[in-house]
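Asks: need coordinates for the following:
(one chain, ligands or ions: 2)
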Amino acid sequence: MRDLPPPPAPIALLAELTHRCPLACPYCSNPLELVAREGELDTATWARVFAEAADLGVLQLHLSGGEPAARRDLEALVAAARQAGLYVNLITSGIGLAEARLDALEAAGLDHVQLSLQGVRAGIADRIGGYRGGFARKLELARAITARGLPLTLNAVMHRQNLDDLAETIAFAADLGARRIEVACVQFYGWALANRAALLPTRAQVDAAKRTVAEAVGTYRGRMAIDFVPPDYYADYPKACMGGWGSTGLNVAPDGTVLPCHAAATIPQLSFQRVTEAPLAEIWERGPAFQAFRGHDWMAEPCRSCARREIDHGGCRCQAMALAGDPRATDPVCRLAPHRPMVDAILDALPATDALPDLVYRR
Ligand code: SF4
Ligand code: FES
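Replies: Numbering: from 1, shown residues only. Ligands and ions are numbered 1, 2, ... in the order given. Next up is the predicted model:
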């Protein structure tokens, strides 16, 4: 193994507490092979992981899933994380979180809630989430969160079938009292990759969305922050995925597998360790999956001699795997990448609006 200097401490840990979820979004970031309930870590092990993360220097804990509220011990997990000194953020669909549960989570020390939004009206939201009545329950929960003074971020996942509703979506978040909205266009791994033809927006939609966001940033300045993640297929250069491999954060899957990013398990060349096999610090500092793409030594041309390598770190390894079949390849969305013609061919072949394929729901 290469002898790399010790990495800086990670800032954030994303704990996928469970893959169970009442929704079935066709762009779910969970893997195609889901961990069953019996395979999930127990309360005590998660509490140990949170303490180890804090010792390692992690500041922020994101409790995610699936739907984290599907865990009956969520309140105990929040309390354990708080006890470890972590800032605790809950990423939820809002389903399964009644007001009494929200009270208990707040009492346990929850700092912040991120609520996912599948659409700005019941029709589209419930169709995309694959759960009838979900939108109404989400709305109820959002009001309960802001009524308590808990900081709320709305995670609006945007794609071909709802990007035209962007202005309405931003206004909706502001009316709810959200402090922040993340307008993130779907990135294509796993379930989303299987639904790419139905979800990838058109160039006209993306151009209009950029104008809408620019205007909204001015309109809501001082009231609500707006983060926009455009679909990178339309970009000239790739995103600096994860801020660089193994440099800012780590994910722990429901069964305790420690991953450098949520899609890392799609790279078959990597071998992963579990929190039950080694201390978190050892996995972060010396684990083979984390070492694989740290720094720049692994890069091939054109990244190796490119001035932008300090900016984007060669892009996303999982996207290189998904599109080029090689995790060491330059991210194919890069204009300089040998595989860029693949991305252009995908954009050229987008189906007409009235010929979108059926969605494949996560189950
Ligand atoms: Fe980034 Fe590599 Fe493209 Fe340069 S060649 S811009 S480092 S992805
Ligand atoms: Fe894995 Fe980008 S999602 S490196």
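Asks: how about the residues of the protein near ligand 1?
Replies: 237-238, 302-303, 306, 308-309, 312, 314-315, 330-331, 334, 336 (CB under 6 Å from any ligand atom). Every C-beta, even on glycine, is put in place using the N, C-alpha and C of the backbone.
Asks: OK, contacts around Lys210?
Replies: Phe228, Pro230 (CB atoms under 8 Å, 6 or more residues apart in numbering).
Asks: quick check: it is in a helix.
Replies: Yes - membership of Lys210 in a helix is supported by DSSP: H, G, I helix; E, B strand; the rest coil.
Asks: what's the burial count for Ala44?
Replies: Ala44 has 11 neighbouring residues, counting by other CB atoms under 10 Å.
Asks: go on, Leu323?
Replies: 22.
Asks: ok, now the one 5 residues further on?
Replies: By the criterion of other CB under 10 Å, Arg328 has 17 neighbours.
Asks: residue contacts, it?
Replies: Neighbours of Arg328 in contact, by CB under 8 Å, 6+ apart: Phe293, Trp298, Met299, Ala300, Arg317, Ala320.
Asks: can I get the buried part of these as one PyMOL selection?
Replies: A single PyMOL command selects the buried members of the contacts of Arg328 (16 or more other CB atoms under 10 Å):
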select buried, resi 293+298+299+317+320
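Asks: circling back: can you list the residues of the chain next to ligand 1 in CSV and add pLDDT?
Replies: Formatted as CSV, these follow (pLDDT from 0 to 100):
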residue, pLDDT
Tyr237, 97
Pro238, 97
Pro302, 97
Cys303, 97
Cys306, 97
Arg308, 97
Arg309, 96
Asp312, 96
Gly314, 95
Gly315, 97
Thr330, 97
Asp331, 98
Cys334, 98
Leu336, 98
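Asks: looking at these, which is nearest Ala125?
Replies: Pro238 (30.3 Å; CB to CB).
Asks: show me what contacts the closest residue to that closest one other than its chain neighbours?
Replies: With CB to CB, 6 or more residues apart in numbering as the criterion, Pro238 has its nearest non-adjacent residue at 2.9 Å, and that residue is Gly315. Gly315 makes contact with Tyr237, Pro238, Lys239, Ala240, Cys241, Thr330, Asp331, Val333, Cys334, according to CB under 8 Å, 6+ apart.
Asks: who wins for most neighbours among those residues?
Replies: Of the contacts of Gly315, with other CB under 10 Å as the count, Asp331 tops at 28 neighbours.
Asks: can you pull the contacts of it?
Replies: Asp331 neighbours (CB under 8 Å, 6+ apart): Pro238, Cys241, Asp312, Gly314, Gly315, Cys316, Gln319, Ala320, Ala337.
Asks: where's the dip in pLDDT among the contacts of Arg328?
Replies: Across those, the bottom pLDDT score, 92, is held by Ala300.
Asks: which one is it nearest to, not counting chain neighbours?
Replies: Nearest residue to Ala300, sequence neighbours excluded (CB to CB, 6+ apart): Arg328, at 5.9 Å.
Asks: could you say which helix or strand holds the one you found?
Replies: Using DSSP states H and E, Arg328 maps to neither a helix nor a strand.
Asks: ends of stretch 123-139, how far apart?
Replies: 14 Å (CA to CA, to the nearest Å).
Asks: same check, this time on stretch 188-200
Replies: With CA to CA, one end of stretch 188-200 sits 9 Å from the other.
Asks: got phi/psi on Ser116?
Replies: The phi and psi values for Ser116, taken as degrees, to the nearest 10, are phi -80, psi 150.
Asks: and for it, the neighbour number?
Replies: When neighbours are counted by other CB under 10 Å, Ser116 comes out with 21.
Asks: on that earlier part again, and the contacts of Arg328, which is closest to ligand 2?
Replies: Arg317 (4.2 Å; CB to the nearest ligand atom).
Asks: residues contacting the closest one?
Replies: Cys241, Trp245, Cys261, Ala264, Ile267, Phe293, Pro327, Arg328.
Asks: need the max-distance pair from the residues you listed.
Replies: Checking the contacts of Arg317 with CB to CB, the most distant pair is Cys261 and Arg328, at 15.6 Å.
Asks: could you look up the SS state of the residue nearest the centre of the chain?
Replies: The residue lying closest to the centre of the chain (CA atoms, centre = their mean) is Ser29, at 6.5 Å. At Ser29, secondary structure determined by three-state DSSP is coil.
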